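Participant: here's a sequence, model it:
(chains A and B)
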Protein chains: 2
Amino acid sequence: MTVILRLDGDPVELTAALVDIPSVSGQEGELAAAVEGALREQAGHLEVVRSGNAVLARTNLGRGSRVVLAGHLDTVPINGNLPVRWDGDGDGAELAGCGAVDMKGGDAVMLHLAATARNPVHDLTFIFYDCEELDAARNGLGRIEREQPEWLAGDLAIVCEPSNAVVEAGCQGTMRVELRTEGRRAHTARAWMGVNAIHALGGALYRLDEYQPRTAEIDGCRYREGLQAVAVRGGVAGNVVPDEAVLTVNYRFAPDRSVEQATEHLRAVFDGYLLTVVDCAAGAMPGLSAPAARELVAAAGGDPVAKLGWTDVARFAAAGLPAVNFGPGDPTLAHTKEEHVPVAQIRRCVEVLGRFLGR
Amino acid sequence: MTVILRLDGDPVELTAALVDIPSVSGQEGELAAAVEGALREQAGHLEVVRSGNAVLARTNLGRGSRVVLAGHLDTVPINGNLPVRWDGDGDGAELAGCGAVDMKGGDAVMLHLAATARNPVHDLTFIFYDCEELDAARNGLGRIEREQPEWLAGDLAIVCEPSNAVVEAGCQGTMRVELRTEGRRAHTARAWMGVNAIHALGGALYRLDEYQPRTAEIDGCRYREGLQAVAVRGGVAGNVVPDEAVLTVNYRFAPDRSVEQATEHLRAVFDGYLLTVVDCAAGAMPGLSAPAARELVAAAGGDPVAKLGWTDVARFAAAGLPAVNFGPGDPTLAHTKEEHVPVAQIRRCVEVLGRFLGR
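Facilitator: Okay, the predicted model is just below:
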């Protein structure tokens, strides 16, 4: 049974309805069907296309510019935080539940605008996609970029990831590297016959502990970098000097550094270690000088800030579009059991974007 | 079908037959049945008792002293190294295969003596036991010590673990400890909001790398200690500052240190870390001044050396018996895929022990 979503009503109620349709990465089918059905029924002015568990919709009004709005439908695993819970009331009310922040509040804003912005000043493209919370290779937006790139064309991209309803510009790059140490196995009773690969990680951990991350200021936005061990493993048996250990490090780097420059930097930091890049995604420059971006910043009426987490704005930036994050919810609550979104931010996003896009 | 073992023939052939009966820890049933059957059939002068997958046998000749010989029947997992392989010939011949060194060569020596030493100068007890290669709690000799302690009584214990057919005296203690670090989770894009538990292990690894293990000389034997990381783990996800990491360290300590003293030493080395002892076993002093031990050393005609690995001699030492290791095979080959035992060492052990025990 497909849930009926009402798009032109209260975007807060719509958020609650979206949260109550579970959509853990890879299991977005039910939600994608509900989104597709609602758009086809309630937004007949849009061209709608289904692509796997993604749903694409756009106007074809012949405007001189196009704004792309993008949001992922999937969530991290449910953590005892469904169904949705309403906390407080009035302007202070909040919705709590899996995906409330990341990013069904943003999806609701997009769906509401898709149905109601029938005479916008820009042509509009809406992309609801799958598998954002998994490895980059499975990202639904990446699949659309490869298979249907015309759907990503435009003059400005707004990724409605949580940003506390403030324009967050660009995003930092992210890279995971593995440092692998090698040794020689021996029985621990004769340890001098071996070489301990775990001990050899000590120097890398020391460098991490001493590391002073830089902050880059770009277009008035401050990008604060970070270098953190995220996993370590090693060991053969309780009585064996281990011959291999692996430390996984995550580097978040400001968008003035390319992936190549970031790699070079890590090779310098971990000089002497065998380093392998296992995953990376370039950052995105803020791009705030573009006309549409300036209009959005003006509509939001505040100073933009740097986006620190990696988001899919980077895909748009790589394709040449200025791209910003703008959505309801506190990004530091993303992926937590307690994620909750202030209803006032949902309403504010609808209002700011409605003003910017024109109704 | 139970294999028939011929006990009074060539102890090298007997070793090969034992290797060819797989007996990975916990699966010693077939081998225990073969050992029990052979002792009952071919060593009628012995009292024989089955105890789980252990087999106990002894003389009751009323001698003034008793020598206990002990060997475990189990092996580490088979690693493509069965059936037994004969390499070389003549005095340089070797038997290769799972358990050849650890310790079916020693078991064969014991079984041969059990059948042939019918008029020994000491009363004799033979203990073939199970599950030595597992955690101390499952050790078959420990079970016998708890349930049938009279079987461990005597004036000297000879554990026929591989010692290159040299008397190895006492043994070192062993202890495993976990060092646990705690931090605070955060998204790596906002790393300054978290505390990285993996980074906090750096100091412990540094201390391990710098650690200078001591060597203790006791009764002319040199016990060389060791302190080694044997496992490390930590990590929540590729984009999360981890809030817990665990480093497992194995300490091998000379028998002049008690378990309490060893623990205290590690607490000093890792001062500032949360340390938990997860496993420990006291060492055994060499005990070479006991009359029977002196006779054995004389029969072996060489200088005894220190046993560095922990063996079940420690159980006998704790019960008040002087205890030594004496068996065929190079202990550094134990647990390796390539373990192989020189047939000359098997014959030498039979000859030395036969001379010491009297036939």
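
Participant: can you tell me the closest non-neighbouring residue to residue A:349?
Facilitator: The shortest distance from residue A:349 to any non-neighbouring residue, by Cβ to Cβ, 6 or more residues apart in numbering or on different chains, is to residue A:109 (4.6 Å). Just so you know, the C-beta spots here come from the backbone N, C-alpha and C atoms, and that holds for glycine as well.

Participant: where's the one you found, which helix or strand?
Facilitator: Taking DSSP states H and E as the definition, residue A:109 sits inside helix A:105-116.

Participant: now that helix: how far from the chain's centre is it?
Facilitator: Its chain's average C-alpha position is 18 Å from that of helix A:105-116, according to Cα atoms, centre = their mean, to the nearest Å.

Participant: show me what that helix is in contact with.
Facilitator: By Cβ atoms under 8 Å, 6 or more residues apart in numbering or on different chains, the residues outside helix A:105-116 that reach it are A:5, A:7-8, A:11-12, A:14-15, A:18, A:35, A:38-39, A:42-43, A:46, A:57, A:69, A:71, A:73, A:95, A:124, A:126, A:128, A:160-162, A:327-329, A:341, A:345-346, A:349-350, A:353-354, A:357, A:359.

Participant: same deal with stretch A:39-59?
Facilitator: In contact with stretch A:39-59 (Cβ under 8 Å, 6+ apart) are residues A:6-8, A:28-29, A:32, A:35-36, A:60, A:73, A:111, A:114-115, A:118, A:120, A:123-131, A:140-141, A:143-144, A:147-148, A:151.

Participant: my read: residue A:200 touches residue A:181, true?
Facilitator: Yes - contact criterion Cβ atoms under 8 Å: residue A:200 and residue A:181 qualify, at 4.0 Å.

Participant: what touches both of the two?
Facilitator: Joint contacts of residue A:200 and residue A:181 (Cβ under 8 Å, 6+ apart) are residue A:245.

Participant: can you tell me if the one helix or strand residue A:68 maps to touches chain B.
Facilitator: Taking DSSP H and E as the criterion, residue A:68 maps to strand A:66-72. No - applying Cβ under 8 Å from any Cβ of the partner chain, one finds strand A:66-72 separated from chain B by no less than 15.2 Å.

Participant: what do you get for stretch A:303-321?
Facilitator: Yes - for stretch A:303-321, a contact with chain B is found by Cβ under 8 Å from any Cβ, at A:308, A:309, A:310.

Participant: before we move on, the earlier item: so for the helix holding residue A:109, mean pLDDT?
Facilitator: The pLDDT scores in helix A:105-116 average 98.

Participant: ditto for stretch A:196-206
Facilitator: Here the average pLDDT along stretch A:196-206 is 97.

Participant: so among the contacts of stretch A:39-59, which ones count as buried?
Facilitator: In the contacts of stretch A:39-59, burial by neighbour count holds for A:7, A:28, A:32, A:35-36, A:73, A:111, A:114-115, A:120, A:123-131, A:140-141, A:143-144, A:151, counting by 16 or more other Cβ atoms under 10 Å in any protein chain shown.

Participant: select from these every entry located in strands.
Facilitator: A:123, A:124, A:125, A:126, A:127, A:128, A:129 (DSSP state E).

Participant: can you name every helix or strand that the least confident helix or strand in chain A by mean pLDDT contacts?
Facilitator: With mean pLDDT, DSSP states H and E as the measure, the helix or strand of chain A carrying the lowest mean pLDDT is strand A:186-187 (a mean of 88). If you count contacts as 3 or more Cβ pairs under 8 Å, 6 or more residues apart in numbering or on different chains; DSSP states H and E, strand A:186-187 packs onto strand A:240-241.

Participant: each with direction, which strands does the strand it packs on pair with?
Facilitator: Using DSSP bridges, strand A:240-241 pairs in its sheet with strand A:186-187 (antiparallel).

Participant: how far is the partner strand from where the chain is centred?
Facilitator: Counting by Cα atoms, centre = their mean, strand A:186-187 comes out at 46 Å from the chain centroid.

Participant: checking the residue of the stretch 251-359 of chain A found nearest chain B next. Helix, strand or coil?
Facilitator: Residue nearest to chain B within the stretch 251-359 of chain A: residue A:309 (3.7 Å; Cβ to the nearest Cβ). In three-state terms, and counting by DSSP: H, G, I helix; E, B strand; the rest coil, residue A:309 is coil.

Participant: ranges for the strands of the stretch 201-350 of chain A?
Facilitator: A:215-218, A:221-224, A:226-235, A:240-241, A:244-253, A:274-281, A:305-306, A:323-325, A:340-342 (DSSP state E, counting those that start in this stretch).

Participant: save those as a markdown table, and put in mean neighbour count too.
Facilitator: Shown next, in a markdown table, are those (neighbours: other Cβ atoms under 10 Å in any protein chain shown):
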| stretch | mean neighbour count |
| --- | --- |
| strand A:215-218 | 14 |
| strand A:221-224 | 20 |
| strand A:226-235 | 23 |
| strand A:240-241 | 24 |
| strand A:244-253 | 24 |
| strand A:274-281 | 15 |
| strand A:305-306 | 20 |
| strand A:323-325 | 31 |
| strand A:340-342 | 25 |
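
Participant: name the residues of the stretch 201-350 of chain A found near chain B, please.
Facilitator: Contacts of the stretch 201-350 of chain A with chain B, taken as Cβ under 8 Å from any Cβ, map to A:201-206, A:208-209, A:213, A:224, A:226-242, A:245, A:247-248, A:250, A:252, A:279, A:308-310, A:331-332, A:334-335.

Participant: count of neighbours near residue A:289?
Facilitator: 10 (other Cβ atoms under 10 Å in any protein chain shown).

Participant: so it touches residue A:170, yeah?
Facilitator: No - look at residue A:289 against residue A:170 with Cβ under 8 Å: they stay out of range, at 11.9 Å.

Participant: for residue A:229, what are its contacts?
Facilitator: A:205, A:208, A:247, A:248, A:249, A:250, B:196, B:198, B:199, B:234, B:235, B:242.

Participant: what of residue A:275?
Facilitator: A:177, A:178, A:179, A:266, A:267.

Participant: that one - nearest residue in space that isn't next to it in sequence?
Facilitator: residue A:177 (5.3 Å).
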